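In: this one's structure only:
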Ligand SMILES: O=C(O)CCC(=O)C(=O)O
């Protein structure tokens, strides 16, 4: 893997830039089985209380395969109109020396793809998924963000702890649900999701521009965190204010996932300044 890249470049890309104690590896969330149809009103209540819901077998192996094929089609540049590929920052200069196949393993993200790939649009509109999101937000869901989160083997970087709503110019009381769909097995070794159950009920927290737009490392409630390992086809749903993050992938395993964000149809926008008044740190008596 990545044979054409010098050891120095790989070593620099593999440096761990965060305190290891930000991620604990000793507890795991519970989840349900039986697909989206198995979600009960008690599970909906669980989501409201804890800010997340895990459905281990949400998508079939065929749905996962079709989705991965669609993702690889875009990652390999087969749709020339699609421009949403983002590389691991420390590897981007290497893309010209890599084969198409090798290049897949330095891609960090693909963004805004549903209009470019019918197989990815289909999963964002999956009947079972949309029906459950509808129950969670108690309204008709509108997809407003779509991403493929790749975290490649060896060089996949951390996504620091954050709240998704800190990124969105949506009215602050908007019910936002994220759906994170594992296409490979997501494990403790390859950077599965870590969450802080119940943190959504504590409201918006201040974010800082550090390694990313993130919660300050010293404000992370790490003693309350749990991991969410998933098999391919597993789905984690979470509330837009839930604290979550993922550590780096230094294993030789791929960790490809999709993430969709939904809010009620017809939701309006606020100005960036209004969002920053709440989530930003400027002018506030808070240090990082
Ligand atoms: O998939 C990941 O590694 C983290 C994604 C995430 O939390 C986000 O983009 O909001």
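Out: Sure, I can see it. Because the structure is predicted, anything quoted here is derived from the model rather than measured. Residues are numbered from 1 along each chain as shown.
In: Would you quantify the distance from the residue nearest to residue 183 when sequence neighbours are not counted to residue 104?
Out: In space, and not counting its chain neighbours, residue 183 is closest to residue 256: 4.5 Å by C-beta to C-beta, 6 or more residues apart in numbering. Any C-beta I mention is one placed from the backbone N, CA and C, and that applies to glycine too. Relative to residue 104, residue 256 is positioned 9 Å away (C-beta to C-beta, to the nearest Å).
In: So the two - more neighbours on which side?
Out: Neighbour tally, residue 256 and residue 104, criterion other C-beta atoms under 10 Å: the higher count belongs to residue 256, 25 against 17.
In: low pLDDT regions in the stretch 1-150 of the chain?
Out: Residue ranges of the stretch 1-150 of the chain with pLDDT under 70: 1-2.
In: Nearest to the ligand: which residue in it?
Out: Of all residues in the stretch 1-150 of the chain, residue 149 sits closest to the ligand, at 3.4 Å by C-beta to the nearest ligand atom.
In: Looking at strand pairing, list the partners for that residue.
Out: Bridge pairing for residue 149 (DSSP bridges) gives the partners residue 109, residue 257.
In: From what I see, it and residue 257 are in contact.
Out: Yes. Using C-beta atoms under 8 Å, residue 149 makes contact with residue 257 at a distance of 4.9 Å.
In: Between these two, which is the more surrounded one?
Out: The residue with more neighbours, out of residue 149 and residue 257, is residue 257; 25 against 22, by other C-beta under 10 Å.
In: where do the contact lists of residue 149 and residue 257 overlap?
Out: Counting by C-beta atoms under 8 Å, 6 or more residues apart in numbering, the contacts common to residue 149 and residue 257 are residue 180.
In: my guess is residue 85 meets residue 112, correct?
Out: No. Residue 85 is beyond contact range of residue 112, at 10.9 Å (criterion: C-beta under 8 Å).
In: the more surrounded of those two?
Out: Using other C-beta under 10 Å, the more surrounded residue of residue 85 and residue 112 is residue 85, with 19 against 12.
In: what sits against the more buried one?
Out: Contacts for residue 85 (C-beta under 8 Å, 6+ apart) come out as 74, 75, 77, 107, 109, 110.
In: Could you show which parts of the stretch 101-250 of the chain are in contact with the ligand?
Out: 149, 151, 159, 164, 191, 244, 246 (C-beta under 6 Å from any ligand atom).
In: And for the last one, the neighbour number?
Out: By the other C-beta under 10 Å criterion, the neighbourhood of residue 246 contains 26 residues.
In: same check, this time on the third one
Out: The burial metric for residue 159, expressed as a neighbour count using other C-beta under 10 Å, is 21.
In: repeat for the fourth one
Out: The local packing count at residue 164 equals 19, with neighbours defined by other C-beta under 10 Å.
In: same check, this time on the second one
Out: Other residues within reach of residue 151 by the criterion other C-beta under 10 Å amount to 28.
In: Pretty sure it sits in a strand.
Out: No. Counting by DSSP: H, G, I helix; E, B strand; the rest coil, residue 151 is not found in a strand; it is coil.
In: I'd like the distance between it and residue 86.
Out: Counting by C-beta to C-beta, the gap from residue 151 to residue 86 is 12 Å.
In: Overlap of the contact sets of the two?
Out: Applying C-beta under 8 Å, 6+ apart, one finds that residue 151 and residue 86 are jointly contacted by residue 108.
In: Please, where are all the strands along the stretch 1-150 of the chain?
Out: Counting by DSSP state E, counting those that start in this stretch, the stretch 1-150 of the chain has these strands, from start to end: 52-55, 85-87, 107-111, 141-149.
In: which residue is nearest the middle of this protein?
Out: With distances taken as C-alpha atoms, centre = their mean, residue 259 lies nearest the centre of the chain, 5.2 Å away.
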